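[1] what's the 3D shape of this:
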Amino acid sequence: MSPPRTEPGHLRRGTLVRQPVWRGASETVHVHSYAVLRFHRTRGRTEGKPQAPARLDDAGKASGPDVSDSYKTAAQLPAYGCRMTPRFDAIGMVASDMAASVTFYRRLGLAFPEGSEKQPHSEAALPGGLRLMLDSEETIREFAPEWQPPSGGGRMSLALLCESPAEVDSVYEEMVGAGYGSGLKPWDADWGQRYATLLDPDGNDVGLFAPLPGAAQ
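    Here you go, the predicted model:
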C-alpha cells in the first residue's frame, strides 16, 4: 500500500515531510514548493537511489545537487581567485662572504641594518616594499646540504635606476675605484638609456641606468 499523497495546498515553506523516492524506501525532504517535491520523487524512481535533500537558501531558493538544472552547478572561482594570491615580495641571493656583500650593497645605497656583516641572513628594504635578502652559503646548506655555488654565466641581474646619465658614470667610477669589478663600462644603449654594469663580490651583474635626454619612455 503506497503512502498517501500530500496535496500542494497542504505544504508550507520550510515544512519537513516524508515522501517516497523509490520503491520500498522514503526520504526526509526539506521542501519549498510542491514542484520541488515532485521533482525529487520522480528522479528517485528513475535512478533507483535516494536523492540529496532540497534546502532553502537565504533568498528562499532551493539548493542542493539535484533540485533543478539551474541550481546544479556551483559557482566557479576565478582563475586567480582571492583564496591564494602569491605576491612578489623579495629577491634572495647567496653570499659567499656576507661582510663583503653587505658592504658592496651599502655603497649603492641599500640600508642593511647595523651588524648585518656578521649575520647568516640579512635583509634590506627596497623602494616599493620589496626586500633584498642575503643568505650565507652555510645557511643554505642547513636545509639543502647538497647545494653548490652555480658555475658559468649568471642568468639574473639587478638594476638600479640613477637620477641622470651623469650619475650612472659617477657611481660606476666610484665603485670601480673602490676595487669592485666592472661588467660593462657606461655606454649609450640603443634602447634609450645610459647603462653600465658592476659585479658584486659573487660575480652577479648589477646594472646602473638612466634615461637619455629625449629618449621615449
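
[2] Next, count neighbours for the residue nearest to Pro213 when sequence neighbours are not counted.
    In space, and not counting its chain neighbours, Pro213 is closest to Pro165: 7.7 Å by CB to CB, 6 or more residues apart in numbering. C-beta here means a position set from N, CA and C on the backbone, and glycine is covered the same way. When neighbours are counted by other CB atoms under 10 Å, Pro165 registers 20.

[3] how about Pro165, what does it touch?
    186, 188, 194, 210-213 (CB atoms under 8 Å, 6 or more residues apart in numbering).

[4] Quick check: which of those residues has the minimum pLDDT.
    Among the contacts of Pro165, Pro213 has the lowest pLDDT, at 94.

[5] and it, that one's in a helix?
    No - counting by DSSP: H, G, I helix; E, B strand; the rest coil, Pro213 falls outside a helix, being coil.

[6] Rank the helices and strands of this protein by mean pLDDT and give me the bottom one.
    Lowest mean confidence among the helices and strands of the chain (mean pLDDT, DSSP states H and E): helix 34-47, at a mean of 43.

[7] Show me which of the contacts of Pro165 is closest to Leu108.
    For the contacts of Pro165, the closest approach to Leu108 (CB to CB) belongs to Ala210, at 14.3 Å.

[8] what bits of this structure have low per-residue confidence?
    1-82, 217 (pLDDT under 70).

[9] Please repeat the previous calculation with a cut-off of 80.
    By pLDDT under 80, the low-scoring segments of the chain are 1-84, 152-154, 215-217.

[10] Domains in it, by residue range?
    As recorded under automatic domain parsing, the domains making up the chain are 10-67, 87-146, 156-217.

[11] All the strands of the chain, residue numbers only.
    16-22, 25-30, 55-56, 62-63, 90-95, 121-125, 131-136, 157-161, 181-188, 193-199, 205-211 (DSSP state E).

[12] and the residue nearest to Pro213, how far is that from Val176?
    Counting by CB to CB, to the nearest Å, the gap between Pro165 and Val176 amounts to 17 Å.

[13] Please name the nearest non-neighbouring residue to Phe104.
    Per CB to CB, 6+ apart, closest to Phe104 is Asp200, 5.2 Å.

[14] Could you report the neighbour count for the nearest residue to Gly203 once chain neighbours are set aside?
    Nearest residue to Gly203, sequence neighbours excluded (CB to CB, 6+ apart): Gly154, at 6.7 Å. Each residue near Gly154 was counted by other CB under 10 Å, and the total is 12.

[15] show me what contacts Gly154?
    Applying CB under 8 Å, 6+ apart to Gly154 gives the contacts 203-205.

[16] So which of those wins on neighbours?
    Compared across the contacts of Gly154, Asn204 has the highest neighbour count, 20 neighbours, by other CB under 10 Å.

[17] Need phi/psi at the closest residue to it other than its chain neighbours.
    With sequence-adjacent residues excluded and distances taken as CB to CB, 6+ apart, Asn204 is closest to Gly154, at 5.7 Å. Dihedral pair for Gly154: phi -80, psi 150, per degrees, to the nearest 10.

[18] Asp205 versus Gly154, what's the distance?
    Taken as CB to CB, the span from Gly154 to Asp205 is 6 Å.

[19] next one: Gly177
    For Gly177 relative to Asp205 (CB to CB), the value is 19 Å.

[20] got the contact list for Phe104?
    Listed by CB under 8 Å, 6+ apart, the contact set of Phe104 reads 180, 200-201.
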